[in-house]
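Engineer: coords please:
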Amino acid sequence: HVLYQKHAYSVPHTLVGNTVTIEASGSVVSIYHQNQLVTQHAKSAKDGGFSTQKEHMPDSHVKQRFSAERLLHWAENIGVGTRGVVQWHIHSRQHPEQAIKSCLAILNLTKQHGAARLEAACQKALLLERPHRSVVMNLLKHHQESVPSTAVEQDEQPVTHHNIRGQHYYQ
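Structural biologist: Numbering: from 1, shown residues only. A predicted model of the protein is given here:
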């Protein structure tokens, strides 16, 4: 991929390490190698996004599409929370291949922290609606995976005492 205005556009894998020239119009990004047009993409304003054409990927990446299933199976063996986080990563990318490194990083956390802690961290990340790799890693690093989240504890009634103004005060 080449980066243009904070968005990554794919180029044929045979050009890895080569210098390319990028030209953009209002709606199209054109990529040239040695003054020859190699690809065009619809221009995207999504920062941090990827525009990937399948034919630009090496065969090994195209074949990895099946490894997403293996990652999900591995995650399911750890627990439903871990599977949920891995599934979120796979489905949040335009191409599942782009999620493989993140998923492997998450699943390999069992080596350092154990399956039970990873599962607890993944469940909490899902509960917080932040199933990002960095969130799971931080929960484990700071031993926060088993600490109840404040969002869960919202069932408590508000505190009432003489220092709290009620609705009558504002009328």
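
Engineer: what about Ile22, distance to Ile31?
Structural biologist: 6 Å (Cβ to Cβ, to the nearest Å). Where you see a C-beta, it was placed from the backbone N, CA and C, and this is true even at glycine.

Engineer: try Ile164
Structural biologist: 62 Å.

Engineer: for stretch 37-53, measure first residue to last.
Structural biologist: Terminal residues of stretch 37-53 are spaced 15 Å apart (Cα to Cα, to the nearest Å).

Engineer: what's it in contact with?
Structural biologist: For stretch 37-53, contacts defined as Cβ atoms under 8 Å, 6 or more residues apart in numbering pick out 1, 5-12, 15, 20, 24-32, 56, 93-95, 98.

Engineer: buried subset of the residues you listed as a ChimeraX selection?
Structural biologist: Buried subset of the contacts of stretch 37-53, written as a ChimeraX selection, criterion 16 or more other Cβ atoms under 10 Å:
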select :7,8,9,10,11,12,15,29,30,31,56,93,95,98
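
Engineer: among the contacts of stretch 37-53, which ones are in strands?
Structural biologist: Per DSSP state E, strands hold the following members of the contacts of stretch 37-53: 7-9, 24, 28-32.

Engineer: nearest to Asn108, of those residues?
Structural biologist: Ala8 (24.6 Å; Cβ to Cβ).

Engineer: isn't that closest one up against Val2?
Structural biologist: Yes: Ala8 is within contact range of Val2, at 7.0 Å (criterion: Cβ atoms under 8 Å).

Engineer: which residue packs closest to the spatially most central residue of the chain, ignoring adjacent ones?
Structural biologist: Centroid check for the chain by Cα atoms, centre = their mean gives His89 as the closest residue, at 4.7 Å. Of all residues not flanking His89 in the chain, Ala99 sits nearest, at 4.2 Å (Cβ to Cβ, 6 or more residues apart in numbering).

Engineer: next one, pLDDT for Val62 please.
Structural biologist: Per-residue pLDDT puts Val62 at 56.

Engineer: domain ranges for the protein?
Structural biologist: The chain is divided into the following domains under automatic domain parsing: 2-54, 63-152.

Engineer: let me know which of these is tucked in deepest.
Structural biologist: domain 63-152 (a mean of 17; mean count of other Cβ atoms under 10 Å).

Engineer: gap between it and the chain center?
Structural biologist: 10 Å (Cα atoms, centre = their mean, to the nearest Å).

Engineer: re the thing from before, common neighbours of Ile22 and Ile31, please.
Structural biologist: 2, 9.

Engineer: and the next element down the chain from the helix or strand of the chain with the lowest mean pLDDT?
Structural biologist: Ranking every helix and strand in the chain by mean pLDDT, DSSP states H and E puts helix 59-63 at the bottom, with a mean of 61. Later in the chain than helix 59-63, the nearest helix or strand by DSSP states H and E is helix 67-78.
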